[in-house]
Structures are given as C-alpha cells and as structure tokens.
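sequence first, predicted coordinates after that:
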Amino acid sequence: MRLSYSALSDVGRVRRDNQDSGYAGPHLLVIADGVGGSARGDVASSQTVEVLRRLDEPPGEDPVGSLAGAIHLCHDRIAELVAAQPELDGTSTTVTALVFDGARVAVGHVGDSRGYLLREGVLSQLTTDHTFVQSLIDEGRITEDEARVHPHRNLILRAVDGVHEPEPDVFTLDVAAGDRILLCSDGASGVLSHDDLARLLGDGTVDHATVTLVSSALDAGSSDNVTVVVADVVADDGAADDADTSAAAATGAMLVGAAAESARGRLPGLPISPDTGQLPAVTDGAPGRGGQGGSGDADDPEERRYAPRPPRRFLWLRRVAVLVVLALALGVIGTAAYRWTQGQYYVGTDGEAVAVFRGVEAEVPGLTLRHVEETSELRVQDLPEAYARQVESGIGASSLEDARDIVTRLERRVECPEPEPEPEPTRSPSAGATRSPSADPTRSPTTRGSASPEASSTEEPQPTETPALCTEAG
C-alpha cells in the first residue's frame, strides 16, 4: 500500500505569526506545534520537522526505534540552538509523527497535537494529550467538552524543549486500504468536536478534507494557528494510471507553516532539499515574496510580519518602574496584613497565669505579632486537665470582650478541693480505769516518760492550700 496525502497550514485570525509546522511525504507525516511566543516556537517546530524529514524513506526493521531516536535528536537540535542563541531559551514544540512502511504505521507523540484514524466512517483518536486538562479527564473530574473551555487547557505537561527528555509515546498500528489518517494541531482539535472531525474528514478527497477542516476550525472561532495533514492508505497494485503517477511525482513531499518559511530562508534552518517540491527563495532581484530588489520587498506584508523588531527604548527604566510598583504593592499588602493581626484576640498562657493576648500565634523574623493585653488571677495549674490543654494551645476570640468572657468561664471551671476529714484524737487511760494490782500497794504507779493525756494525743493535720478562685462543688 501507499499514501495519498495533503497538508495545509493557516496562521489564523488572531495570531501574528505561524508557529505550526507540517510535513507530508510518501513514508512520513508530521505535525509540530511550536510553543514559546517571543522565544520563537516557530524555530522549534521548523527545526523539528527538518530533523524528522530524514525518516521519509522506506523504513528499516525497527521503525519505532528509529522514530523515537529521531525525536530525541530533535531535542538535541533545540538544545544546540538555545546554546547558540540564548534569546531562544524557553522555546519548545509538540510532535506527532507517523512512519509508514506499506502495511503499518509507527507513531511517535509528545504534547497536545493529535493523530486520528478514520476507518469505515468511525473516527478513533490514536494519541493521548500530554496536558493538564487531559489528566483531569482521565480522573473523571471534567468532560471532553469542559476541557475545551477550561482556563488551563493550554498547559502542556510534556514537549520537546531541549531541556527535559521528551519521553515520547511510541507504538505501531496496522492499517488497511481505505483508512484515512489525520494529524492536526490543537488549533483544529481544540474547537472542532469529535463528530465534526469525523464528518469533515470523511468528505471528499484528501485535498478537499484539508481545506474544509482548516476553514471550519477558523469559522468555529479558533484563536490559534491551524494545521492539518490528511493521508489516505491506498492499495498499490501497480494499476495506477499515468495521471495519478504524474500528480504524485509533481507533488512530492509537502512542507507547510513555519517549516516552509524556514525552507525559504525566512527562519533559521537548512536550505530546502530538491525533493520537497517547494519553491526556492527568489534571488534574481524581482519584486515580491522573498525578493531582494524593487519596491515590493519593503511592501511585502509577510516580510514585515517576520522582520526583526528594533529593541525597545528605556527598557531599564520600565523594569525599575515595575520593581517599584511591586515593592509598593507588597508594602501595602504587608501593612494591611499586620493591621489585621492586631485586631485578633486569643486566650493563652503567660507563664503560669491565664492571659488575654492581642495578635496571632505566628512567628515572623524581626516582627512581633502578639502581646499580652490582660493578665488574670487564674492559674493554668488550677484548671481541669482538658481546659488547661485548650488554654496552652490558645483559644481564639472574636474580640477583647469575648476573650474576657472566655476567661470568666474558665474561672468557673476551677473547683475547690474536698476538705479532708479530721482524724479522731487518741485518748490516754483515765484515772478511774482498772489497773492491775501492784506488788507494793502503797506505791503510786510510776509513768515512763511523759504519760500525760496531753502528750498522748495525735498531731493535728496541716491545712490544705485552696486556689484563689474556686467554686464549691454541689
């Protein structure tokens, strides 16, 4: 089998320049959507296509390995460009590429450009977006339709940027005659629904499909560059007529978007190869696109679009002004925050005493955010254990009066200790008690030591200390 293909790219109705690149050839289809704004995403996408186009030849035994290795070479190429031109720092690109060997395709994918397969009227998405909103879809938190309008729908989690390893998704897919393949940037897939893509992709020839897909995306309100590559898998039984063969030879490989501009010499990159079928830059002095002479060069809108801009004047003064504004804003925010803290109150501990604090329990180097407003006569050790722990952790209050009420309620929780029962005194034997007869009845009984009743009574107990503030139980 062979591929019949078409490619088209449009800058769109909002963007100033086209940062998409596309390529279509007998054995290779590529979409690269550059990211970077002023960091020139068009350079990243065009150079990525320039590296990958070397795969447009009959693949070897390991097309998947060759494709993954080529994507890593794109990563290295961008790193070299940034090292040589630091102003390109921050540039990156998505990549979705297919290598065709006549019976199956090897797919390599990084980013949020997409690959689709239309088979017998049923459209299936071959790739998975490496985006934040796709992770939300996978978790079931949002739907596909909600992802189209999500504020972070353009947040890409994986790209070819020359800094982080790209880690492409790679796999193979068997194809059959009659299959139609679509590669597109998010300028198309972001505004056209799955059903719209299926309907437009299945209508007419590959040339017709590319035109209707791009124009429909623009009419649907796409604010991005729009690039599509469409290819039919066709049975190659050697019966193709001369007209088809001549048309394929005339078309050759197709470059669109920033890659085509790079090939014409408008962007940094290698000169165009003869097998691309693209027009070389005009160098004969004739006016018009890419010319070097006449008045058309100065008036060419495309030339003005990509012409370098002069540096802005007084850039340092603007930066100083921005820093001053930021410092003032931080000062106002800090002052407001400090005033807010000084309107807060809580009940805590000041040594052993329960106290009312003004401020918040937070530590800021060089700044005190709290101080003792009032100290009560209540001691933490007099409180029941549960209340003592609350006070030590700090009890928030809405105002000073509320804090005072909290202290009052805590004072009511202090209970006076139960009085201990007084022990009964031990009495000495009385004078009238029965005594055993003495050997000498005439002698008075002799007492050993101090045997008086006063000396024989027990020692009186010491009084127990009572809290200054307590409530009688019961």
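Now that the structure is in, tell me what you want to look at. Residues are numbered from 1 along each chain as shown.

got the domain ranges for this structure?
2-272, 314-339, 345-411 (automatic domain parsing).

any idea how far the residue lying closest to residue 134 once chain neighbours are set aside is from residue 169?
With C-beta to C-beta, 6 or more residues apart in numbering as the criterion, residue 134 has its nearest non-adjacent residue at 6.5 Å, and that residue is residue 128. The way it works is simple: take the backbone N, C-alpha and C, and place the C-beta from them, glycine included. Using C-beta to C-beta, to the nearest Å, one obtains 7 Å as the distance from residue 128 to residue 169.

list residues touching both of the two?
The contact sets of residue 128 and residue 169 overlap at residue 109 (C-beta atoms under 8 Å, 6 or more residues apart in numbering).

show me what contacts residue 192?
Residue 192 is in contact with 200, 213, 216-217, 220, counting by C-beta under 8 Å, 6+ apart.

now those: which count as buried?
200, 213, 216-217 (16 or more other C-beta atoms under 10 Å).

any regions of the stretch 201-350 of the chain where pLDDT drops low?
Per-residue confidence of the stretch 201-350 of the chain (counting by pLDDT under 70) places the weak regions at 238-251, 265-315.

which residues in it form helices?
206-219, 242-251, 258-263, 296-299, 301-306, 315-341 (DSSP state H, counting those that start in this stretch).

with the stretch 51-200 of the chain instead?
Remark: helices of the stretch 51-200 of the chain, listed N- to C-terminal, are 63-84, 132-138, 144-148, 186-189, 194-201; assignment by DSSP H, counting those that start in this stretch.

deepest in the core, which of those is it.
Mean neighbour counts were compared across the helices of the stretch 51-200 of the chain using mean count of other C-beta atoms under 10 Å; the top stretch is helix 186-189, at a mean of 27.

now residue 374, which residues is it bridged with?
Beta-bridge pairing of residue 374, defined through DSSP bridges, involves residue 356.

in contact with the residue lying closest to residue 169 once chain neighbours are set aside, which residues?
Counting by C-beta to C-beta, 6+ apart, residue 169 lies nearest to residue 109, which is 4.6 Å off, once chain neighbours are set aside. Residue 109 sits next to 95-97, 115, 126-128, 168-170 when contact means C-beta under 8 Å, 6+ apart.

out of those residues, the closest to residue 41 would be?
residue 95 (12.5 Å; C-beta to C-beta).

what about that closest one, how many neighbours?
Residues lying near residue 95 (other C-beta atoms under 10 Å) number 29.

any idea how far it is from residue 82?
Summarising the geometry, the distance separating residue 95 from residue 82, computed by C-beta to C-beta, is 17 Å.

and for residue 356?
Counting by C-beta to C-beta, the gap between residue 356 and residue 82 amounts to 60 Å.

could you do residue 175 as well?
Using C-beta to C-beta, we find residue 175 at a distance of 37 Å from residue 82.

likewise for residue 182?
Residue 182 sits 32 Å away from residue 82, taking C-beta to C-beta as the criterion.

now do the strands in the stretch 351-474 of the chain.
Listed in chain order, the strands of the stretch 351-474 of the chain (DSSP state E, counting those that start in this stretch) span residues 353-359, 370-379, 395-397.

so which elements touch the first one?
Applying 3 or more C-beta pairs under 8 Å, 6 or more residues apart in numbering; DSSP states H and E, we find strand 353-359 packed against strand 345-350, strand 370-379, helix 400-411.

deepest of these, which one?
Scoring these by mean neighbour count under mean count of other C-beta under 10 Å gives strand 345-350 as the most buried, with a mean of 20.

got a list of what the nearest residue in space to residue 353 that is not next to it in sequence touches?
Residue nearest to residue 353 in three dimensions, not counting chain neighbours: residue 375, with 5.3 Å by C-beta to C-beta, 6+ apart. By C-beta under 8 Å, 6+ apart, the contact set of residue 375 is 350, 353, 355-356.

quick check: closest non-adjacent residue to residue 76.
In space, residue 76 comes closest to residue 162 once its chain neighbours are excluded; the distance is 7.4 Å by C-beta to C-beta, 6+ apart.

contact partners for that neighbour?
Taking C-beta under 8 Å, 6+ apart as the criterion, residue 162 is in contact with 75-82, 91-92.

pLDDT at the nearest residue to residue 104 once chain neighbours are set aside, what is it?
For residue 104, the nearest residue in space outside its immediate sequence neighbours is residue 174; the separation is 4.8 Å by C-beta to C-beta, 6+ apart. The model reports residue 174 with a pLDDT of 94.

just the strands from the stretch 51-200 of the chain, written as ranges.
When assigned using DSSP E, counting those that start in this stretch, the strands of the stretch 51-200 of the chain occupy the ranges 92-93, 95-100, 104-110, 114-119, 122-125, 169-174, 180-184.

among the ones you listed, which is nearest residue 383?
Ranking these by their distance to residue 383 (criterion: C-beta to C-beta) puts strand 92-93 first, at 62.6 Å.

tell me what the closest one is packed against?
For strand 92-93, where contacts count as 3+ C-beta pairs under 8 Å, 6+ apart, the packed elements are strand 28-35, helix 41-52, helix 63-84.
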